[in-house]
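Chemist: sequence and predicted model, in that order:
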Amino acid sequence: MGMGRNQTRPIPCVKEGKLQMATTIQSLTTQNHRKRDRERKIIRGLTFFFALVSVGTTAGIIYELLKETVLFFQEVSILEFFTDTRWTPLFASKRFGVLPLVNGTLLVAAGAMLVAVPLGLLAAIFLSEYASERMRKILKPILEILAGIPTVVYGYFALLFITPILRDLFPETQIFNAASASIAMGFMILPLMASVSEDALSAVPRSLREAAYAMGATKFETATQVVLPAALSGVAAAFILAVSRAIGETMIVAIAAGQQPKLTLNPLQSIETMTAYIVQVSLGDTPHQSIAYKTIFAVGMLLFGMTLIMNIISYFVTKRFREKYE
Amino acid sequence: MDNNHVVLETKNLNVFYGNFLAIKDVNFQVFRNQITAIIGPSGCGKSTLLRSFNRMNELVPSARSEGKILFNGEDIYDPAIDPVEVRRKIGMVFQKPNPFPKSIYENIAWGLKINGFRGSKSEMDDLVEQALRGAALWDEVKDKLDQSGLSLSGGQQQRLCIARAIAIKPEVILMDEPASALDPIATLKIEDLMRELKENYTIVIVTHNMQEAARVSDYTAMMMLTGEGERSGTVIEFDRTSVIFTRPKDKRTEDYITGRFG
């Protein structure tokens, strides 16, 4: 970047390809070339600007989140935030232990993965190993359309369809409960899990399958013991992406899981997730300058940190997976 | 020809991909403990023929075949026969080495496990060693059995694939240009190995390389495109390799072998 502009200018010409290379020296001096060069600069500037907007927005959000979080921690100790087991910022006796919210989030996410991972993997194995080319071409887009169903629909599906079934099966089930939100969320992230896993399975070279078949492996043995392990990093990336979706999911839990921050592993009870808490406070009548209001930034920051770590892990896992087969 | 025991025999074999007749009316035999080479120009159906012997062809969705392939007198295309069983008896080594992304040990142990091995760890160790010795690879890998099969050189990978194939004790080993992706030294090792293996196994090898066919094989099947528009491959001549390479009966074989083809 320290180099003078004149020195770097000819480089894009060379990049244009072999055909151009032969005439580069003449075209350097032509009017045509200068015009193209100017256009290129304008387009470059414009695209850079839009790239900057998206990066800037992210930076702005993080800045706001951080600022409010710092203000929050000036009043509440970090130790209390992470170790206290009660979360009652909206009550008269305020306690700021985030663990019940984290517990609720992880409980619902774990339940959702329990649904999405086996079903998603089986769907992926079916699509990549058993389905005919034609069937895959029909089924995969349908699966991806499923991913486009608004989450609010899943939320009401949980509350009005799954919860009554759960209450028939287990009478102690509360109206709002973690299990019903988990199941609906599991179905919501199923397409993501299946689709990304299917990509990973399909990327496994045909020669490996042939090797397995040639040794007298059945289709199922080949799929589960050769193809799946070979695609493991891709499947792991799908898993992490799905977990991060589950942790960040808001609508389903806000509708179906309840608003009672509770340290429990019983999925039939009403709990509250981090996202649902943020919704509750944002939509409620909590005064904006109060400490109760500031809690949502601290919770939001923690949520952001959790999903960020997940995405970073998934980035590296996916990268490793690409290196293997390209 | 002589009275050797016939292991594999094709009878009026036709193989189609969709409506395309890839090989037609193939009739020849593979004799026990001999190396049979299938030679011929590119695209004449050598691999298709080879892959018919262990029913690998049917993994291509549009493939179907007519006629018979007898394995010790039994038609392997009989609807009652499970292709998985056929492949356990007729192993295969591919053109490009394709070890599993598992450890060297597991590459061999896996085949034994899926084929019903229920013994102890030490029995398995013995079988793995036996297979690796059989493929002349043991001395090179005995200290790194837990490393990935992919960490080996190309020639070693190919011998690992051979070890993997012989571990499950097939009767026949099909080899689809097993040395074409290897350097000359690795190629020679594979050829030496083939000569050792034929003591216990029957080998069918597809090769582009006529010198290789002349060096290692006992019998040679010459394939060529024939028929309407010369699009379907068939075996035009089959005989002892020494005969094919010195006194071929078919003019086309002679032209191909002496390099006058095409």
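Modeler: It's in.

Chemist: and the stretch 101-250 of chain B, which residues reach chain A?
Modeler: Counting by Cβ under 8 Å from any Cβ of the partner chain, the stretch 101-250 of chain B comes close to chain A at B:Pro101, B:Lys102, B:Trp110, B:Gly111, B:Ile114, B:Asn115, B:Cys161, B:Arg164, B:Ala165, B:Ile168. (Glycine included, C-beta is placed from N, CA and C.)

Chemist: among these, name the ones in helices.
Modeler: Secondary structure defined by DSSP state H assigns B:Trp110, B:Gly111, B:Ile114, B:Cys161, B:Arg164, B:Ala165 of those to helices.

Chemist: I'd like these laid out as TSV, including neighbour count, pLDDT and distance to A:Gly305.
Modeler: Output for these, formatted as TSV (neighbours: other Cβ atoms under 10 Å in any protein chain shown; pLDDT from 0 to 100; distance: Cβ to Cβ, whole Å):
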residue	neighbour count	pLDDT	distance to A:Gly305
B:Trp110	23	95	41
B:Gly111	27	93	46
B:Ile114	20	92	45
B:Cys161	27	95	47
B:Arg164	29	94	47
B:Ala165	28	94	51
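
Chemist: farthest-separated two in those?
Modeler: B:Ile114 and B:Cys161 (16.0 Å; Cβ to Cβ).

Chemist: what does the average pLDDT come to for stretch A:140-158?
Modeler: For stretch A:140-158, mean pLDDT is 90.

Chemist: apologies, that question was intended for stretch A:223-239.
Modeler: Throughout stretch A:223-239, pLDDT has a mean value of 91.

Chemist: spit out the contact partners of the nearest residue to B:Asn115 once chain neighbours are set aside.
Modeler: Excluding the flanking residues, the one nearest B:Asn115 by Cβ to Cβ, 6 or more residues apart in numbering or on different chains is B:Ile168, at 5.0 Å. By Cβ atoms under 8 Å, 6 or more residues apart in numbering or on different chains, the residues touching B:Ile168 are A:Met215, A:Gly216, B:Arg88, B:Gly91, B:Gly111, B:Leu112, B:Asn115.

Chemist: model confidence for B:Ile168, exactly?
Modeler: For B:Ile168, pLDDT reads 92.

Chemist: circling back: is it possible to get CSV of the residues of the stretch 101-250 of chain B next to chain A that adds distance to B:Phe238?
Modeler: Supplementary listing: these in CSV, determined by distance: Cβ to Cβ, whole Å:
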residue, distance to B:Phe238
B:Pro101, 39
B:Lys102, 39
B:Trp110, 36
B:Gly111, 32
B:Ile114, 35
B:Asn115, 32
B:Cys161, 27
B:Arg164, 30
B:Ala165, 25
B:Ile168, 29
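
Chemist: got the phi and psi for B:Ile90?
Modeler: When read as degrees, to the nearest 10, the backbone of B:Ile90 gives phi -120, psi 100.

Chemist: for it, grab the count of nearby residues.
Modeler: 26 (other Cβ atoms under 10 Å in any protein chain shown).

Chemist: B:Leu174 versus that one, what's the distance?
Modeler: Distance of B:Ile90 to B:Leu174, given as Cβ to Cβ, to the nearest Å: 6 Å.

Chemist: now do A:Ala298
Modeler: To B:Leu174, A:Ala298 is 66 Å away according to Cβ to Cβ.

Chemist: more neighbours: those two, which one.
Modeler: Between A:Ala298 and B:Leu174, counted using other Cβ under 10 Å, the more crowded position is B:Leu174 (30 against 22).

Chemist: contact partners for that one?
Modeler: B:Leu174 sits next to B:Leu50, B:Arg51, B:Phe53, B:Asn54, B:Ile90, B:Gly91, B:Met92, B:Val93, B:Ile203, B:Val204, B:Ile205 when contact means Cβ under 8 Å, 6+ apart.

Chemist: and which of those residues is nearest chain A?
Modeler: The closest of the contacts of B:Leu174 to chain A turns out to be B:Met92 (Cβ to the nearest Cβ; 3.8 Å).

Chemist: ok, and the closest non-adjacent residue to the closest one?
Modeler: In space, and not counting its chain neighbours, B:Met92 is closest to A:Ala214: 3.8 Å by Cβ to Cβ, 6+ apart.

Chemist: got a list of contacts for the helix or strand A:Ala242 falls within?
Modeler: Element membership of A:Ala242 [criterion: DSSP states H and E] is helix A:232-248. Residues outside helix A:232-248 that contact it (Cβ under 8 Å, 6+ apart): A:105-106, A:108-109, A:112-113, A:116-117, A:120-121, A:124, A:185, A:188-189, A:192-193, A:196-197, A:199-201, A:203, A:228, A:275, A:303, A:306-307, A:310-311, A:313-314, A:317-318, A:320-321, A:324.

Chemist: burial of the residue nearest to B:Asp183 when sequence neighbours are not counted, as a residue count?
Modeler: Excluding the flanking residues, the one nearest B:Asp183 by Cβ to Cβ, 6+ apart is B:Gly155, at 7.1 Å. The local packing of B:Gly155 (other Cβ under 10 Å) involves 21 other residues.

Chemist: list the residues that contact B:Gly155.
Modeler: Taking Cβ under 8 Å, 6+ apart as the test, what B:Gly155 contacts is B:Leu182, B:Asp183, B:Ile185, B:Ala186, B:Thr187, B:Lys189, B:Ile190.

Chemist: again, only using 7 Å
Modeler: Residues in contact with B:Gly155 (Cβ atoms under 7 Å, 6 or more residues apart in numbering or on different chains) are B:Leu182, B:Ala186, B:Lys189.

Chemist: list only buried entries from the residues you listed.
Modeler: Buried members of these, scored by 16 or more other Cβ atoms under 10 Å in any protein chain shown, are B:Leu182, B:Ala186, B:Lys189.

Chemist: ok, the first one to chain A distance?
Modeler: Right, B:Leu182. Separation of B:Leu182 from chain A (Cβ to the nearest Cβ, to the nearest Å): 16 Å.

Chemist: gap between the closest residue to that residue other than its chain neighbours and chain A?
Modeler: Distance criterion Cβ to Cβ, 6+ apart; nearest residue to B:Leu182, sequence neighbours excluded, is B:Gly155 at 5.0 Å. Distance from B:Gly155 to chain A, counting by Cβ to the nearest Cβ: 17 Å.

Chemist: mind checking what secondary structure B:Phe16 has?
Modeler: Three-state assignment for B:Phe16 (DSSP: H, G, I helix; E, B strand; the rest coil): strand.

Chemist: up against chain B, what does chain A have?
Modeler: A:132-133, A:207-208, A:210-211, A:213-218, A:221, A:225-226, A:230 (Cβ under 7 Å from any Cβ of the partner chain).
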